[in-house]
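Undergrad: fold the stuff below for me.
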Amino acid sequence: RGEAVERLVPVLTQQLPSMDGMQQAKAAESLSTAISEGCLSESPITDLMLPFIVQQLQAGGPAAEPWLRVLLELLGAKLVPRMQVRGQVLDLALAKSDPSSSVEGRMTSAVLFGKIAEVSSDSQGFVQSTFIDQALALCQDTEGDV
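TA: Predicted coordinates for the structure are as follows:
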């Protein structure tokens with residue numbers, strides 16, 4: 001079953017840009033399920049899907065929330081290599097943490113900071129040196145949802 005899902009990832013990745021928001025949301029939900037059931041390995045996700053997921057989260061909009069859930073599943077399942085967590089994913093979280101970002105963006109950042117800290121083996125030192133100030137600023141955000 002996992003092998004079949006992994007063979008679908010390249011095809012899905014190719015089709016995602018042409019899908020509307022609703023179709024993308026359904027695809028994201030399906031991927032979240034596949035990840036939570038252990039049907040995917042690191043390689044197809046990081047090579048093919050992670051750039052698309054980051055792009056969708058940068059753009060925001062209706063499909064961003066389901067893609068955030070996919071990214072959180074990937075991080076929780078440790079399917080994203082440490083270098084990419086500390087590269088692409090952290091860069092996204094830092095960019096979205098800016099006070100001028102939308103509420104949706106700051107919420108995304110807060111959730112990603114929490115998950116990055118959770119999955120980092122040396123989280124205290126890493127968090128202290130890279131994003132503690134931004135995380136604290138989000139804790140003090142005047143928007144209640146953040």
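Undergrad: which residue sits closest to residue 115, ignoring its sequence neighbours?
TA: Spatial nearest neighbour of residue 115, chain neighbours left out: residue 75 (4.8 Å); criterion: CB to CB, 6 or more residues apart in numbering. For the C-beta atoms, the positions are set from N, CA and C on the backbone; glycine is no exception.
Undergrad: could you tell me how far the helix or strand hosting the one you found lies from the centre of the chain?
TA: Here residue 75, judged by DSSP states H and E, is contained in helix 64-76. Offset of helix 64-76 from its chain centre (CA atoms, centre = their mean, to the nearest Å): 5 Å.
Undergrad: packing partners of that helix?
TA: Using 3 or more CB pairs under 8 Å, 6 or more residues apart in numbering; DSSP states H and E, the elements in contact with helix 64-76 are helix 21-36, helix 50-59, helix 103-119.
Undergrad: make TSV out of those and add distance to residue 143, mean neighbour count and mean pLDDT.
TA: Below are these laid out as TSV (distance: least, CB to CB, whole Å; neighbours: other CB atoms under 10 Å; pLDDT from 0 to 100):
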stretch	distance to residue 143	mean neighbour count	mean pLDDT
helix 21-36	24	17	90
helix 50-59	18	18	92
helix 103-119	5	19	93
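Undergrad: nearest to residue 42, out of the ones you listed?
TA: Smallest distance to residue 42 across the helices and strands packed on helix 64-76 (CB to CB): 10.0 Å, for helix 50-59.
Undergrad: remind me what the closest one packs against, helices and strands.
TA: helix 64-76, helix 90-96.
Undergrad: and with 10 Å instead?
TA: Packed against helix 50-59, as judged by 3 or more CB pairs under 10 Å, 6 or more residues apart in numbering; DSSP states H and E, are the following elements: helix 2-15, helix 21-36, helix 64-76, helix 82-84, helix 90-96, helix 103-119.
Undergrad: what is the burial count for residue 94?
TA: Residue 94 has 15 neighbouring residues, counting by other CB atoms under 10 Å.
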